[in-house]
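Visitor: Build the 3D model from these lines:
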Amino acid sequence: MLKNNKRRIEELLRDITEKYIQNDDFKGVTTEEISEKLSIRRNLVSQYLNELVEEKKAMKIKTRPVLFTYIMENKNVIINNKNDNVFNNLVGYNGSLREAVEKCKAAVFYPSKDMSVLLTGDSGVGKSYIASLIHRYAEEQGKIKSGAPFIIFNCADYADNPELLSANLFGYVKGSFTGAEKEHLGALELADGGYLFLDEVHRLSSEGQEKLFVFMDKGVFKRLGESKAERRANVRFIFATTENPKEALLQTFRRRIPMIINIPKLDRRPVDERITMIYKFFKDEALKIDKDIYIHRKVINYILSQKNGGNVGSLKNIIKLCCALAYKEQQNEEIIKINRIHLCLYEENFNQNIKQYYFEEYMKLRREDEEISEINLLANDRYNRLNELIETVEYLFIEYQKHNISISELRKSLTIELNRSLELIVYEEEETCNDLINNIYLETVDNTLKLIEGKYGIKYYGNTSKILTKVLIYNKNNMNIVNNEEHFNKLKRIKNILKKEISKPLIISENIISNLENNLACELDIRVQIIIILYVFTMMGNESSLINAIIVAHGYSTASSIASVANQLYGEFVFQAFDMPIDSSPIEVKNKIKHYISEINTSKGTIILVDMGSLVDINLELESIISGDLGIINNITTNIALDIAGRIINGQDVESMITGIEKNNPLMCKLIKAKSKKKAILTTCISGIGTAIKVRNLIKECIGNADIEVKEYEYAALNLKGKNDKVFSDYDVKLIISTTKLDIEGVKTILIHDLISENYDDTLFNILEDVTIDKNINNIKQDIIKMFSMDNLISRMTILNPKKIINEVESIILGYERILDKRFKVDLKMTLYMHISVMIERIMLKQGLEFSEEEGKCYRDNNIKFIDISNDIFKAITDEYNLVVTEKEIFIIQSIIESRIGKLNF
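Guide: Numbering: from 1, shown residues only. Next up, the predicted model:
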């Protein structure tokens, strides 16, 4: 049934598009139209239409309402492949820019000329070049005449002079201003029949944007100085900006640009595309100097690994300078060799984590060559799909950390992702290694897994070695993959979550990775590391407990041997071992244990077996960093270790274990109960402590005697130290309220003004519901809204006391809620607080608004019930201040309420 519905929707969309595509008035089909024609629920139609868009079968046009058209393959409609090789000159046209190119083509083929395009992206990513390709493509496809104009208009040139903008954009007539000695054609007229490219459109003033969208709507304009005659022009628009369109452009202007295309930064582009650019730019220089160029692999590596990536323009300049310096030295040679000394860049500008090489020694660029022939880069499809693995794994771990999914759901989802990745590598990777290499890799993996089994008790099966060997051979064959800074950051975030939440799989996988890298003398790619982490995580099954068990003993392998026996017998990673040389001091031992414990989750408890009395007091060093119970046993034997391991696997807590061990063995044991930290809410402000104190006082006043500390704190300390700041060891920090975005792992942060957003009700209420004493949650929310409203009112009231009037207005709002039987949303309450408070003062100053007699009668006849209700609600106020709330003022209040909750029916 589901498939039939989707097919019906696709067929109807195709039929409508095919029927009306040649009609210039046809813009597309709405969800509602298809829903009505097929009698399928609107939400299902919307779902299937969006799936067709993802499948590249349909195009979505973000107008109001949203429109859809079918992408036809016919030569006469929508997508026409004739002579479309103009985009083939764009590096990445079939890779990272494929979607952008398809959107550009769709905009050209759209039947109406009002499919304006906005190109977004950092400076130098190629927006101007892509704009010129759109124009050339439109020429090739016959959508504009051959030789049609392409006018570039840089809005930054007129950012501070609206009149000059109008004069150059719309043109002017003789005598329209001083110096206008003859008429002047504006950019619009110059672009008639072609394209107008407005670069840096965010520098266009609001007035300029308004003038432009009038032309975009009506197609008519006037030159500066003209009063009557209207001119027409047939212009297609391309805009470009480096800013966020939602912040830099008027909403009314933005709505008229349905096609927004983002061009990624250079360092976000795949390595094969960046190498192609490097090749092209060196090729340009080779043709200029009429010599072949050999570029050393280190030069390529340095250019590829620039931090922040630079942009296309800076890449060209780097290559030009390299060639100039090398040519100066070698102008009499047949071949110009470019080495590291010709690369005038600073070492600190490079990411030192990236060490892969792509050529034997030199990239050999000959003038007669057409393409790169010496580098076998990974297919884009697999490259992109493995990149998606990083994104998905990070997302799933974050969802687990937020308690949005359970450990079993996490394990199930990660198993699916792991299998998808292994299908790409194990079953699609071609056999490129000879038997000798294959056997070396297989033997190394086997030995590594045996070590892991011996140390941690984790059993593995025969095909595990073969699978991991395939993964390593994939790594060897694809050393060309460059991981950008964001990939390293994502791996770091994944590891940090594992450390704090599920540390044991990470400990094992890091041991495997380290052993393989050392024995094979290679560096494992990030994707390969993540695959190994997932493999271990899914192979371990459910961890029996989050209790951490540690054995610390002096000697070469005393602790390791006992831990290994226990782990192997139980087939689980129970104990972590610390072997200490005989001459190690207690301080060295304690520091190693402290470092280990500081990076794992200790909330369920920790138990430590030690072999010397000098370590029994280690609890003094650990209490500040352990969040759960701590047990210490001053004795290490294999029997004791097996007893403890069995108790952990059976689910005993630390206190029960210590009690049980003491009964059966006369040992020196210690139990240190976890300290209960006071719950806290932190308030902070990037500009200083003053605002944080003000917010603290506001929150404290609102929550009354709730059993939670509200504490102001320095933003710089939180931003710099994060979870390592002392405040997190002193308090159980439940929430941070900040004026600026702050990202601290494991702690919820919301912006001050989001306190009154209903999106954050659950966040705030969940924190306060267990600690409130004399107020319920709804009262606290109401108080916060009032306090924010009063804060805004202080600067607007002249004769009334904001604190007094806000309480009186509260009773009015509650009166409307009660009589209308509605609970008003936050934005409506805020609006009413502000409006009614100012209205009362306005009436007292004799500035109340009045209907004309005719308007009043019309309103009264249709809304007498609301007028009577309002007079009753306002009676206490009108009596106290001796004023009259007019019917026009009541009408405005009614309009405000109806704008949020709909028409009132009595």
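Visitor: how close does Gly219 get to Glu189?
Guide: Separation of Gly219 from Glu189 (CB to CB, to the nearest Å): 13 Å. C-betas here are computed from N, CA, C, even on glycine.
Visitor: more crowded one of the two?
Guide: Remark: of Gly219 and Glu189, Glu189 carries more neighbours, 19 against 15, as counted by other CB atoms under 10 Å.
Visitor: thinking again about what came up before, please enumerate the shared neighbours of Gly219 and Glu189.
Guide: Ala233 (CB atoms under 8 Å, 6 or more residues apart in numbering).
Visitor: which parts of stretch 695-702 are buried?
Guide: 695-696, 698-700, 702 (16 or more other CB atoms under 10 Å).
Visitor: Restricted to helices, list those.
Guide: 695-696, 698-700, 702 (DSSP state H).
Visitor: To what extent is the closest residue to Glu714 other than its chain neighbours buried, counted in neighbours?
Guide: Leaving aside its sequence neighbours, Glu714 sits nearest to Ile689 (CB to CB, 6 or more residues apart in numbering; 6.4 Å). For Ile689, the tally of surrounding residues (other CB under 10 Å) stands at 15.
Visitor: State the pLDDT value of Ile689.
Guide: The confidence metric pLDDT takes the value 76 at Ile689.
Visitor: And it, how far from Ala716?
Guide: For Ile689, the distance to Ala716 - CB to CB - is 10 Å.
Visitor: if we can go back for a sec, next, work out how far apart the residue nearest to Glu714 and Asn724 are.
Guide: 20 Å.
Visitor: again with Ile703
Guide: 28 Å.
Visitor: So which of those two has more stuff around it?
Guide: Taking neighbours as other CB under 10 Å, Ile703 and Asn724 compare with Ile703 leading, 25 against 10.
Visitor: Is it correct that the more buried one is in contact with Glu709?
Guide: No. Between Ile703 and Glu709 there is no contact under CB atoms under 8 Å: 10.8 Å.
Visitor: quick revisit: show me which of the buried residues of stretch 695-702 is closest to Arg411.
Guide: Distance to Arg411 across the buried residues of stretch 695-702 (CB to CB) is lowest for Ile699, with 39.3 Å.
Visitor: confidence score at the spatially closest residue to the closest one that is not a sequence neighbour?
Guide: Spatial nearest neighbour of Ile699, chain neighbours left out: Val710 (5.0 Å); criterion: CB to CB, 6+ apart. We have a pLDDT of 88 for Val710.
Visitor: give me the number of residues near Val710?
Guide: Val710: 20 neighbours (other CB under 10 Å).
Visitor: just the one 4 residues further on next, same as before
Guide: A total of 17 residues lie near Glu714 under the criterion other CB under 10 Å.
Visitor: Can you give me the pLDDT of it?
Guide: On pLDDT, Glu714 comes in at 86.
Visitor: before we move on, what about Val610?
Guide: Val610 is given a pLDDT of 86.
Visitor: May I have the residues that are in contact with it?
Guide: 552-553, 616, 618, 632-634, 636 are the contacts of Val610 under CB under 8 Å, 6+ apart.
Visitor: and if we set it to 6 Å?
Guide: Val610 sits next to 552, 634 when contact means CB atoms under 6 Å, 6 or more residues apart in numbering.
Visitor: same check, this time on Leu321
Guide: Going by CB under 6 Å, 6+ apart, the list of residues near Leu321 reads Cys344.
Visitor: and it, which of the three is it?
Guide: helix (DSSP: H, G, I helix; E, B strand; the rest coil).
Visitor: Ile703 versus the residue nearest to Glu714, what's the distance?
Guide: 20 Å.
Visitor: before we move on, what about Ala680?
Guide: Applying CB to CB, the value for Ala680 to Ile703 is 12 Å.
Visitor: immediately after the one helix or strand in the chain whose mean pLDDT sits lowest, which helix or strand?
Guide: Averaged element by element with mean pLDDT, DSSP states H and E, the chain has its least confident helix or strand at helix 777-793 (a mean of 61). Using DSSP states H and E, the helix or strand that follows helix 777-793 towards the C-terminus is helix 802-820.
Visitor: Run the chain-centre distance for the helix or strand following that following helix.
Guide: Downstream of helix 802-820, the next assigned helix or strand under DSSP H and E is helix 826-844. Centroid displacement of helix 826-844 relative to its chain, using CA atoms, centre = their mean, to the nearest Å, is 38 Å.
Visitor: Helix 826-844 - contacts with which helices or strands?
Guide: Using 3 or more CB pairs under 6 Å, 6 or more residues apart in numbering; DSSP states H and E, the elements in contact with helix 826-844 are helix 777-793, helix 802-820, helix 887-901.
Visitor: And the host helix or strand of Leu472, what does it pack against?
Guide: Applying DSSP H and E as the criterion places Leu472 in helix 462-477. Where contact means 3+ CB pairs under 6 Å, 6+ apart, helix 462-477 is packed against helix 435-456, helix 526-539.
Visitor: Share the number of residues neighbouring the closest residue to Pro505 other than its chain neighbours, please.
Guide: Once flanking residues are discounted, Pro505 sits nearest to Phe537: 4.1 Å by CB to CB, 6+ apart. Residues near Phe537, counting by other CB under 10 Å, number 24.
Visitor: repeat for Tyr172
Guide: Tyr172 has 23 nearby residues by other CB under 10 Å.
Visitor: what sits against it?
Guide: 180, 184, 223-225.
Visitor: One more pass at 10 Å, please.
Guide: 163, 166, 179-180, 182-186, 222-226 (CB atoms under 10 Å, 6 or more residues apart in numbering).
Visitor: Now for Glu898: which residues touch it?
Guide: Contacts of Glu898 (CB under 10 Å, 6+ apart): 866, 904.
Visitor: Please list the outside residues in contact with stretch 852-859.
Guide: Identification of contacts with stretch 852-859 by CB under 10 Å, 6+ apart yields 850-851, 866-867, 886-888, 890-891, 894.
Visitor: Go again with 6 Å.
Guide: 887, 891.
Visitor: do the same with stretch 867-885
Guide: Contacts with stretch 867-885, where a contact means CB under 6 Å, 6+ apart, come from 808, 812, 815, 819, 843-844, 890.
Visitor: Check the residues you listed and tell me the two furthest apart.
Guide: Checking those with CB to CB, the most distant pair is Ile819 and Met844, at 25.2 Å.
Visitor: how near is Glu247 to Thr241?
Guide: From Glu247 to Thr241 the distance is 10 Å (CB to CB).
Visitor: So between these two, which is more surrounded?
Guide: Higher neighbour count among Glu247 and Thr241: Thr241, with 22 against 7, using other CB under 10 Å.
Visitor: excluding its backbone neighbours, what's nearest the more buried one?
Guide: Thr241 sits nearest to His202 (CB to CB, 6+ apart), 4.5 Å away.
Visitor: Compute the mean per-residue pLDDT across the helix or strand containing Leu212, please.
Guide: Per DSSP H and E: Leu212 is located in helix 206-218. Averaging pLDDT along helix 206-218 gives 82.
Visitor: What strands flank the helix or strand following it, and is each parallel or antiparallel?
Guide: Next helix or strand after helix 206-218 toward the C-terminus (DSSP H and E): strand 220-221. Strand 220-221 pairs in its sheet with strand 231-232 (antiparallel), by DSSP bridges.
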